[in-house]
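Engineer: 3D model of this:
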Amino acid sequence: MDEDLTGRENLVLVGRLLGFSWRGARTRTDELLDASGLAEAAGRQVRTFSGGMRRRLDIAASLVATPDLLFLDEPTTGLDPRSRNQVWDLVRAIAAEGTTVLLTTQYLEEADRLADRLAVIDRGKLIAEGTNHELKVSVGGNTLQVRLRAAEQCSRPGTSSRKRLASRSTMEAIPTHSRPVWRTTRRDKRRLLPRKKWKHLWKKDTGLII
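Structural biologist: Numbers count the residues shown, from 1 in each chain. Below is the predicted model:
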């Protein structure tokens, strides 16, 4: 875009370069300015446009000749949320008119909202392709389910239900090579181990005896 020209003059210039008559170029320019939300700023020089307005003007210029296929390379990078939504609306309108849009983006939300089909490229290689639903279903399928036994099933005399549940859960979660694993107190350690050993372990206590 020529920054010394207005938004309207730039689009008329593009229309003339593409073979439109003066009247045809002006008519098409008015249509694109309305569609891109730039009608009010059409008389301003492009140098005064914000980043989002410049991006929409660029897209409008590419639509002067109504192409069958339109390439958009990260059209919303660096835009604020409001400008990004405006560009999204413009892209949806272009696709609704029958133009195939090939859009590259780094934003997953943008791809999810705009694309009918997605292709994921990593280091120049196509690693996944499909619809939004197909790609979402293909990942995140593995789950880990943890079920704790009821407190009443963990019978250990002299221990509260809450402590018995914690003890039982610890026993199932940590494999041992000798004794069962218990949440212990000083008295438990004295009972389970010889006197010489429990004094040494108490200094390095982690709450478990293995």
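Engineer: What are the buried residues along the host helix or strand of Lys136?
Structural biologist: Lys136 is part of helix 132-138, with elements assigned from DSSP states H and E. Using 16 or more other CB atoms under 10 Å as the test for burial, helix 132-138 gives Leu135. Quick note: C-beta positions are derived from backbone N, CA and C, even for glycine.
Engineer: do the same with stretch 105-116
Structural biologist: Quick answer for stretch 105-116 (16+ other CB under 10 Å): 105, 110-111, 114-115.
Engineer: Pull the number of nearby residues for Thr6.
Structural biologist: A count of neighbours around Thr6, defined by other CB atoms under 10 Å, yields 17.
Engineer: What sits closest to Asp80 if chain neighbours are left out?
Structural biologist: Gly52 (6.7 Å; CB to CB, 6 or more residues apart in numbering).
Engineer: how near is that neighbour to Leu148?
Structural biologist: Going from Gly52 to Leu148 by CB to CB, to the nearest Å gives 53 Å.
Engineer: And for the helix holding Lys136, what's in contact with it?
Structural biologist: For helix 132-138, contacts defined as CB atoms under 8 Å, 6 or more residues apart in numbering pick out 111-112, 115, 118, 120, 128, 130.
Engineer: likewise stretch 100-112?
Structural biologist: 68-77, 84, 88, 91, 94-95, 114-115, 118, 132.
Engineer: for stretch 17-32, same thing?
Structural biologist: 8, 11-12, 15-16, 39, 60, 63-65.
Engineer: By neighbours, which of those wins?
Structural biologist: Most surrounded of the contacts of stretch 17-32: other CB under 10 Å gives Leu11, at 28 neighbours.
Engineer: what's it in contact with, if anything?
Structural biologist: Leu11 touches 25, 28-29, 32-33, 57, 60-61, 64, counting by CB under 8 Å, 6+ apart.
Engineer: and which of these is nearest Val139?
Structural biologist: Closest approach between those and Val139, by CB to CB: Ala60, at 36.9 Å.
Engineer: just to revisit the earlier point, mind checking which of the contacts of helix 132-138 are in strands?
Structural biologist: 118, 120, 128, 130 (DSSP state E).
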